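# have a look at this fold, sequence not included:
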Ligand code: GLV
Ligand code: MN
Ligand code: MN
């Protein structure tokens with residue numbers, strides 16, 4: 001494989017990422033860009049303009065996914081797609097998702113400048129949502145593009161302020177029947193570049209991670225109902241304290257997860273106490289549960305047994321218990337052929353690489369259901385992500401973008417890639 005571009009093609013990448021991070025920037029360096037908010041919309045419009053300037057044909061679909069297209073000579077051939085997501089977690093970093101979008105945009109721009117029109121159409125996508133940070137649903141963008149979700153799946157879903165997904169979508173200018181349908185049946189390959197968000201690459205001193213599989217996930221909303229009462233007059237033996245029950249559950253969760261061992265991980269990321277007043281016994285507690293493993297059977301049995309143990313704790317304390325699973329993704333294999341292509345691209349640039357499993361969820365796992373999909377990672381400093389401390393060096397960012405561009409070149413300009 002002969003790399004079609006030199007590294008100078010990506011010199012502006014870190015600066016463009018910094019500019020994008022301005023949308024939703026917070027004091028202290030974090031970025032919050034939740035689905036369909038003003039900062040999210042401004043970021044998508046900014047990217048659209050940058051795609052246009054790069055000579056790409058742009059369009060939004062009904063959900064708000066943004067595409068930039070470089071038309072191929074064979075317009076009937078399946079499309080080669082790259083990209084990632086533009087939404088963030090609350091107070092997240094500037095690289096998660098954004099990096100794959102900006103690097104994809106720059107790769108297409110550089111390929112167009114240097115190599116002209118491809119044989120097969122190349123597109124970059126800024127997917128509208130991946131994180132599940134505003135609404136209790138994740139992968140809304142890639143889910144709609146792949147048909148894993150339909151618009152009906154968003155019905156009845158609301159954010160913490162009671163704003164429905166449909167209302168938020170309309171406010172941002174999307175969700176109209178007249179807009180371009182989301183479902184893509186013409187994708188031949190999907191390649192996503194992302195920061196690792198873990199410590200594997202840094203520890204092993206490798207430049208590029210080649211993702212073989214992405215873990216499966218379950219996310220639950222749990223509600224415990226007890227009885228609110230006076231903190232001073234209710235004897236300890238007469239309480240139905242929902243928070244005390246939740247604390248017992250959380251301690252058990254950690255013990256069980258540690259006993260299950262790597263790669264199982266279990267997290268309670270949000271816990272709300274009602275009424276949330278110092279001198280009132282909490283009558284209701286709601287918390288989230290995020291559980292992951294790369295083996296479906298192990299994931300399934302851990303979730304089942306843990307929820308049964310939670311229920312038993314609730315019963316023993318006289319608490320009501322309700323759990324609702326709102327996300328269930330299976331562990332997903334990436335395409336071997338595409339991963340091999342990325343590996344050869346690393347070799348051609350003398351970049352060290354290693355194969356690995358992704359503990360984070362990614363849009364690529366949804367595309368894997370409809371086309372060959374692959375992912376590559378660059379190192380994250382200290383393995384930190386979903387934090388304002390997220391950082392990868394300019395060299396790491398440009399190296400990853402160059403490998404992505406080489407792979408896209410083979411797929412869209414090469415004679416060999418046929419699916
Ligand atoms: C997405 O970033 C995830 O939670 O894995
Ligand atoms: Mn991400
Ligand atoms: Mn993320």
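Perfect, thanks for sending it. Since the model is a prediction, treat every value here as computed from it, not as a measurement. Numbers count the residues shown, from 1 in each chain. Ligands and ions are numbered 1, 2, ... in the order given.
# who in the stretch 201-350 of the chain is up against ligand 2?
Counting by CB under 5 Å from the ion, the stretch 201-350 of the chain comes close to ligand 2 at no residue. Bear in mind the C-beta positions are built from the backbone N, C-alpha and C, glycine included.
# for the stretch 201-350 of the chain, just list every one of the strands.
Using DSSP state E, counting those that start in this stretch, the strands of the stretch 201-350 of the chain run over residues 208-214, 216-225, 265-267, 271-274, 284-293, 320-329, 332-333.
# show me the contacts for the residue lying closest to residue 55 once chain neighbours are set aside.
Using CB to CB, 6 or more residues apart in numbering and skipping the chain neighbours, the partner closest in space to residue 55 is residue 112 (5.6 Å). Residue 112 makes contact with 54, 55, 56, 70, according to CB atoms under 8 Å, 6 or more residues apart in numbering.
# look up how far residue 36 lies from residue 112.
31 Å (CB to CB, to the nearest Å).
# do the helix or strand harbouring the residue nearest to residue 55 and ligand 1 come into contact?
Per DSSP states H and E, residue 112 falls inside helix 98-115. No. Helix 98-115 lies apart from ligand 1 when judged by CB under 6 Å from any ligand atom; the minimum separation is 11.9 Å.
# how about that helix and ligand 2, touching?
No. Figure legend: helix 98-115 not in contact with ligand 2 (CB under 5 Å from the ion); closest approach 7.7 Å.
# beyond that helix, next helix or strand please.
Remark: after helix 98-115, the chain's next helix or strand is strand 122-127, criterion DSSP H and E.
# which helices and strands sit right next to the helix or strand just after that following strand?
For strand 122-127, the following helix or strand on the C-terminal side (DSSP H and E) is helix 140-146. Helix 140-146 sits against strand 122-127, helix 364-367, with contacts defined as 3 or more CB pairs under 8 Å, 6 or more residues apart in numbering; DSSP states H and E.
# looking at it, residue 74 is touching residue 119, isn't it?
Yes. Counting by CB atoms under 8 Å, residue 74 does reach residue 119; the two are 5.6 Å apart.
# which of the two has more residues huddled nearby?
More neighbours surround residue 119 than the other of residue 74 and residue 119, with 16 against 11 (other CB atoms under 10 Å).
# where do the helices of the protein begin and end?
Ranges of helices in the chain, per DSSP state H, are 13-21, 38-53, 98-115, 140-146, 165-171, 200-204, 242-260, 296-316, 336-348, 364-367, 394-413.
# how deep is residue 172 tucked in, by neighbour count?
17.
# where does the stretch 201-350 of the chain get nearest to ligand 2, which residue?
residue 214 (11.0 Å; CB to the ion).
# before we move on, the earlier item: nearest to residue 6, out of the strands of the stretch 201-350 of the chain?
The closest of those to residue 6 is strand 208-214. By CB to CB, the value is 17.6 Å.
# which other helices and strands does the closest one contact?
helix 200-204, strand 332-333, helix 336-348, strand 353-358, helix 364-367, strand 373-378, helix 394-413.
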